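Chemist: Sequence below, structure please.
(2 chains)
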2 protein chains.
Amino acid sequence: MIDTPVPHLITARSGPLHHVEEVILNQVALIEAWFRKRWQETPPSITSSVDLRHAGFKLAPVDTNLFPAGFNNLNRDFLPLCIQAAQSVLGDNFPNCTKILILPESHTRNRFYLQSLHVLRDIFVKAGFVVRIGSLDPMLTTATEIALDNGDVLLIEPLERHDTQVQLKDFNPCLLLLNNDLSGGVPEILQGVQQSIQPTAELGWASRLKSSHFQYFREVASEFADLVGLDPWLINPLFTAIDGVDFMAQEGVEGLAAATDTLLASIREKYAQYGITEKPFVAVKADNGTYGMSVMMVHEGAELLQLNRKQRTKMAVSKGSRKVSRVIIQEGVYTFETMPDGAVAEPVVYMIGPFVVGGFYRVHQGRGIDENLNAPGMHFEPLAFAQACNTPQKNRAVLDCPNRFYVYGVIARLAALAAAREIAAIS
Amino acid sequence: MIDTPVPHLITARSGPLHHVEEVILNQVALIEAWFRKRWQETPPSITSSVDLRHAGFKLAPVDTNLFPAGFNNLNRDFLPLCIQAAQSVLGDNFPNCTKILILPESHTRNRFYLQSLHVLRDIFVKAGFVVRIGSLDPMLTTATEIALDNGDVLLIEPLERHDTQVQLKDFNPCLLLLNNDLSGGVPEILQGVQQSIQPTAELGWASRLKSSHFQYFREVASEFADLVGLDPWLINPLFTAIDGVDFMAQEGVEGLAAATDTLLASIREKYAQYGITEKPFVAVKADNGTYGMSVMMVHEGAELLQLNRKQRTKMAVSKGSRKVSRVIIQEGVYTFETMPDGAVAEPVVYMIGPFVVGGFYRVHQGRGIDENLNAPGMHFEPLAFAQACNTPQKNRAVLDCPNRFYVYGVIARLAALAAAREIAAIS
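Modeler: Residues are numbered from 1 along each chain as shown, chains lettered A, B, ... in the order given. This next block holds a predicted model:
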């Protein structure tokens, strides 16, 4: 097996390097047994993806998405793994299901998203299901064929509501596979539907708070840290949430600045404890935001008091033109993974049910190690993980591909477990 | 994805070429839904492998093994698929299991088998279990380290019986993973054990009959053929079984010859129906044999009346020096898969639970297309399947790698389903 290039983890100026990896790789059986138990208590979402940041001394999730839109960025070699995972998850949870209706995002002119949708469909087709695609967009009223860059064609059909069911004209699905983050709220056509919807529509961004997810993650991280003997901070970004912020009217911003300074002080304390000489920073985000909108990186609270009109506008409105009033302040985690040319690279891990099925790096040219790489208009080059995330190898170095990917997969699964608890809490 | 070389399927002189493939590839969703239902009724063995023969007009299993010994021959690239399959199967069936004890074959000087054992162990270790190996060989009384060709070391430990449990000195497993075909019968140390043993010890070759397996397979093949609209003969080798044969004393051999001629006549009829001009042949095997011992290929019954002493001796004794008295006569299926140099190649498909996790070809130089390639002392070169068996591709030719491997996987799973019914019948 050849190790294709992966980002180099540059050495932080100090701190306990690769400690997280070592602790995890030494306890694979314990960790996997623990996950098996946890998934029995709260089953995982059918799909999820987790953005990670790797600072060498710290490896933590910064975002968890139940409706991933980058399946096209996964390594094609691991399609069999995706297919098998889909078979396992559906076989366990919907043993009699034969027909799946995918409900995608409506922005059907995004060619990257369409490719992701095509791969998602392909996974479930090859897993042995009849799969069709129904649009949540009320403007789509006739079946529409969309040609993809690679020559494939996607057929997207208008959704019909019949009583408490949605379906296509001649297709009554056993399962609705939601791949739309519902930023604009649960659309009318889905309200009160009495069908299996996976992942649950109740965790669309209209009703989901990042702070709620990270509260569950804090719990999960602390239990996991107890299990393996690790300071939970090494995998958990500190955060706090503030309500009643109006960036345009400049209301609540002083409180936000104060909370930011308090959080920065806590991070500074942890940095001191570990002898880390980097400058602490936080990400300030809309608590119910997604797609990297309404995000800014802040090194001290005062910066928030000095926003210009353009910055305030950017922070004030989230995806779907929703006004931001609740804000999460989250510890920033440095990206110390870089490509040979200096471009920074952030891992994104993909899961189907409890199985880590692959991932990719967002590789971004000319962006700083403390900046947000998932922002609107941001261009990144995907670099698929060269190997699977489920083959830890005792006799190899902790940073060797299979081991590094395995550790990514463990941290990502902790975030997926936090999401599973979010789901259980609202069900 | 590059298509690495696979055997060429030479054109049979006649017959409905690639009909089986076409019928199967056109009905993937139907077939997968059917398998999901069938596995609910009778769960599959935790491990299995199936030998196939591909004659172009016919693709059929000729042997099903619940204790496969060629994991080392699988494509290393599909280790992640094996690991995930193991996680899925154990998660479903033994959710609280953390410790696995493998019970291997005792011939610990076979370096190929030891490599297979190492891979089998590795799959379950990487799947997140504590795995150790306990020997059924009463001669092994101290923990023994065995160095493998690739530098790895296997630790094989003496098995201890305590009351109704077997274990190692300091290791009490939740699951016994049997990788010994128990040709010599269930050893004393396993008798009356009250632990989970997978695959069941009751299907060791001491108590299992090939004819019983193929009786179940005939049922399965007929149901499947009904489902997809196929003549079951195209996937099912005809057979008959005869008791009371003593090759050494030359008793019962005339009856065997007569039954052989009857079976050959039935095959001739099918050949005529499909315009196949090859010469029919049958395999005569010990009904409870394995490892290709006590097997001969016969083109007419009279051959059985003219065996020389050496041939009779070969047929009279099966693995573990057991006397052969029950004989199965099975329709021979031509091997029309050949390498560029003319060597014949037979596919062997590997499964973990319901999942096809890979396979390989037994490639044999200088052996005929109607000979048995799995015989003692037979040398074969394994050629790992280049791709997975779960990615059928509608837009590609029926004989393209992914499609061909998918079809192998379907036929192999039919044989695994027959084995599942065998297991259910004795449980």
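Chemist: Helix, strand or coil: sort out the residue of the stretch 251-400 of chain A found nearest chain B for me.
Modeler: Going by CB to the nearest CB, chain B is nearest to A:Ala388 of the stretch 251-400 of chain A, at 3.4 Å. C-beta coordinates here come from the backbone N, C-alpha and C atoms, glycine included. The local conformation at A:Ala388, judged by DSSP: H, G, I helix; E, B strand; the rest coil, is coil.
Chemist: Count residues in the vicinity of it, would you?
Modeler: Close neighbours of A:Ala388, defined as other CB atoms under 10 Å in any protein chain shown, add up to 27.
Chemist: ditto for A:Leu90
Modeler: By other CB under 10 Å, the residues close to A:Leu90 number 26.
Chemist: in what helix or strand does the spatially closest residue to it that is not a sequence neighbour lie?
Modeler: Excluding the flanking residues, the one nearest A:Leu90 by CB to CB, 6 or more residues apart in numbering or on different chains is A:Cys97, at 5.9 Å. Assigned by DSSP states H and E, A:Cys97 belongs to no helix or strand.
Chemist: Report the contact partners of A:Cys97.
Modeler: Counting by CB atoms under 8 Å, 6 or more residues apart in numbering or on different chains, A:Cys97 makes contact with A:Leu90, A:Phe129, A:Cys174, A:Leu175, A:Ser196.
Chemist: Look at A:Gln84 and give its secondary structure.
Modeler: Under three-state DSSP, the three-state class of A:Gln84 is helix.
Chemist: gap between it and B:Arg161?
Modeler: In this view, A:Gln84 and B:Arg161 are 37 Å apart by CB to CB, to the nearest Å.
Chemist: do A:Ser325 as well
Modeler: A:Ser325 is 69 Å from B:Arg161, where distance means CB to CB.
Chemist: what does A:Tyr271 give?
Modeler: A:Tyr271 is 57 Å from B:Arg161, where distance means CB to CB.
Chemist: Comparing these two, which residue is more hemmed in?
Modeler: Shown here are A:Tyr271 and B:Arg161; by other CB under 10 Å, A:Tyr271 has more neighbours (18 against 14).
Chemist: State the number of residues packed around the closest residue to chain B within the stretch 101-250 of chain A.
Modeler: Nearest to chain B, among the residues of the stretch 101-250 of chain A, is A:Gly128, at 2.2 Å (CB to the nearest CB). A:Gly128 sits with 24 neighbouring residues when counted by other CB under 10 Å.
Chemist: mind showing which ranges of the stretch 151-300 of chain A have poor pLDDT?
Modeler: The model of the stretch 151-300 of chain A has pLDDT under 70 over residues A:205-206, A:289-294.
Chemist: pretty sure A:Ser196 is in contact with A:Cys174, am I right?
Modeler: Yes: using CB atoms under 8 Å, A:Ser196 makes contact with A:Cys174 at a distance of 7.1 Å.
Chemist: Could you tell me which residues of chain A lie near chain B?
Modeler: Proximity of chain A to chain B, by CB under 8 Å from any CB of the partner chain, involves residues A:1, A:28-29, A:31-33, A:35-37, A:39-40, A:76-81, A:83-85, A:87-88, A:91-92, A:95-96, A:98, A:125-130, A:354-355, A:387-388, A:390-392.
Chemist: ok, back up a step: could you dump the contacts of A:Cys97 into CSV and include distance to B:Thr313?
Modeler: Output for the contacts of A:Cys97, formatted as CSV (distance: CB to CB, whole Å):
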residue, distance to B:Thr313
A:Leu90, 53
A:Phe129, 54
A:Cys174, 59
A:Leu175, 60
A:Ser196, 63
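Chemist: ranges for the helices of the stretch 251-400 of chain A?
Modeler: For the stretch 251-400 of chain A, applying DSSP state H, counting those that start in this stretch gives helices covering A:253-273, A:302-305, A:309-316.
Chemist: what would those look like in CSV with distance to B:Gly229?
Modeler: Below are the helices of the stretch 251-400 of chain A laid out as CSV (distance: least, CB to CB, whole Å):
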stretch, distance to B:Gly229
helix A:253-273, 66
helix A:302-305, 69
helix A:309-316, 61
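Chemist: List the buried residues in the helix or strand encompassing A:Val20.
Modeler: Using DSSP H and E, A:Val20 falls within helix A:19-25. The neighbour-count criterion (16 or more other CB atoms under 10 Å in any protein chain shown) identifies A:His19, A:Val20, A:Glu21, A:Val23, A:Ile24, A:Leu25 as the buried residues of helix A:19-25.
Chemist: would CSV of these with distance to B:Leu59 and pLDDT be doable?
Modeler: Formatted as CSV, the buried residues of helix A:19-25 follow (distance: CB to CB, whole Å; pLDDT from 0 to 100):
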residue, distance to B:Leu59, pLDDT
A:His19, 54, 91
A:Val20, 50, 94
A:Glu21, 47, 93
A:Val23, 50, 96
A:Ile24, 45, 96
A:Leu25, 44, 96
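Chemist: Look up the closest residue to the residue of the stretch 251-400 of chain A closest to chain B, ignoring the ones flanking it.
Modeler: Spatial nearest neighbour of A:Ala388, chain neighbours left out: B:Pro80 (3.4 Å); criterion: CB to CB, 6+ apart.
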